[in-house]
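# What would the 3D arrangement of this be:
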Amino acid sequence: MAQIHPTAIVDPAAELDSSVTVGAYTLIGPNVIIGAGTTVGPHCVIEGNTSIGCDNRIFQFNSLGAIPQDKKYDDEPCELIIGDRNTIREFCTFNIGSPGGGGVTRIGNDNWIMAYVHLAHDCLVGNHTIFANNSQLAGHVVVGDWAILGGFTVAHQFVRIGAHSMTAMCSLLFADLPPFVMCQGQPAEARTMNFEGLRRRGFSAERVAAVRAIHKLLYRSNLALDAACTEISRLTESHPEAAADVQMMLGFLEQTPPNRGIVR
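Residues are numbered from 1 along each chain as shown. Model prediction:
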């Protein structure tokens with residue numbers, strides 16, 4: 001049997017692996033599934049159609065799986081899906097999805113989520129991200145792998161945050177943040193690329209050089225976005241090892257709606 005504190009209330013219909021630990025005064029609803037090795041601290045509420053994977057560490061005072069803060073929501077069967085090996089610190093609020101956004105809020109694997117983070121309905125978070133304290137995502141925000149959000153970062157609804165990007169403290173995102181870009185400000189402005197982060201993740205010198213060239217074309221060459229994309233696509237000729245990085249950037253830029261644009 002799962003190790004459930006006597007003061008916790010776990011609905012008999014909930015599915016908890018036998019290795020799950022549940023702290024004092026926690027409430028777990030009937031449609032919750034929790035995988036092996038996950039620990040849930042005291043005073044948490046986990047409700048809704050919520051699926052949590054293996055080896056997660058959920059600290060005290062979290063609210064996971066509540067209905068979206070969306071006035072259009074009408075009790076539809078939407079979900080919150082959390083992957084494996086995530087750390088979720090105190091006072092986080094993750095809502096289920098909504099019918100207008102695919103119905104699923106999803107968090108991947110190996111994410112480090114600090115206190116007071118809010119993930120609204122239909123947010124999609126990748127793997128290996130870091131959310132510093134009080135990062136706040138409105139509905140439908142997409143966060144790529146290895147992104148780092150500084151404390152008090154706020155992202156407007158439907159914004160996309162690219163892989164390996166980074167925001168400074170108190171950044172306000174109204175536009176898409178491309179991969180690799182470091183930004184700062186209210187509204188956020190691009191400052192440089194996350195070169196140190198790329199080196200720490202094992203990017204070769206050639207790949208880092210290609211990202212540096214992308215930065216120059218996108219932000220320092222006074223080119224229109226279409227022209228910059230054309231020049232970026234040619235970098236695979238001089239930096240073949242970085243072909244996947246170039247394609248990731250081009251794919252991201254192609255999907256950015258003109259009315260939203262990118263962080264400049």
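
# Please report the distance of G97 from V141.
12 Å (Cβ to Cβ, to the nearest Å). For every residue, glycine as well, the C-beta is placed using N, CA and C.

# quick one, which of these two is more surrounded?
G97 (29 against 21; other Cβ atoms under 10 Å).

# Tell me who's in contact with that one.
Residues in contact with G97 (Cβ atoms under 8 Å, 6 or more residues apart in numbering) are 68, 78-80, 103-105, 121-122.

# and what of E79?
Counting by Cβ under 8 Å, 6+ apart, E79 has contacts 48-51, 96-97, 103-105.

# Which one (most neighbours) among the residues you listed?
T105 (31 neighbours).

# Excluding covalently adjacent residues, which one is nearest to C170?
F152 (4.6 Å; Cβ to Cβ, 6 or more residues apart in numbering).

# can I get the contacts of E79 in CSV with pLDDT, secondary structure and distance to M248?
Shown next, in CSV, are the contacts of E79 (pLDDT from 0 to 100; DSSP: H, G, I helix; E, B strand; the rest coil; distance: Cβ to Cβ, whole Å):
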residue, pLDDT, secondary structure, distance to M248
G48, 98, coil, 33
N49, 98, strand, 32
T50, 98, strand, 31
S51, 98, strand, 28
I96, 98, coil, 29
G97, 98, coil, 25
G103, 97, coil, 27
V104, 98, strand, 23
T105, 98, strand, 24
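
# Could you dump these into a markdown table and include distance to S233?
Output for these, formatted as a markdown table (distance: Cβ to Cβ, whole Å):
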| residue | distance to S233 |
| --- | --- |
| G48 | 43 |
| N49 | 42 |
| T50 | 42 |
| S51 | 39 |
| I96 | 39 |
| G97 | 35 |
| G103 | 35 |
| V104 | 33 |
| T105 | 34 |
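
# Out of those residues, which is nearest to I33?
The closest of the contacts of E79 to I33 turns out to be S51 (Cβ to Cβ; 4.6 Å).

# Now for that closest one: which residues touch it?
Residues in contact with S51 (Cβ under 8 Å, 6+ apart) are 32-33, 79-82.

# With respect to E237, which of those residues is nearest?
For the contacts of S51, the nearest to E237 is I81 (40.5 Å; Cβ to Cβ).

# Just the buried positions in the strand or helix carrying that closest one, please.
Counting by DSSP states H and E, the element that carries I81 is strand 79-82. Using 16 or more other Cβ atoms under 10 Å as the test for burial, strand 79-82 gives 79-82.

# With stretch 172-189 instead?
For stretch 172-189, using 16+ other Cβ under 10 Å, the buried residues are 172-173, 175-184, 188.
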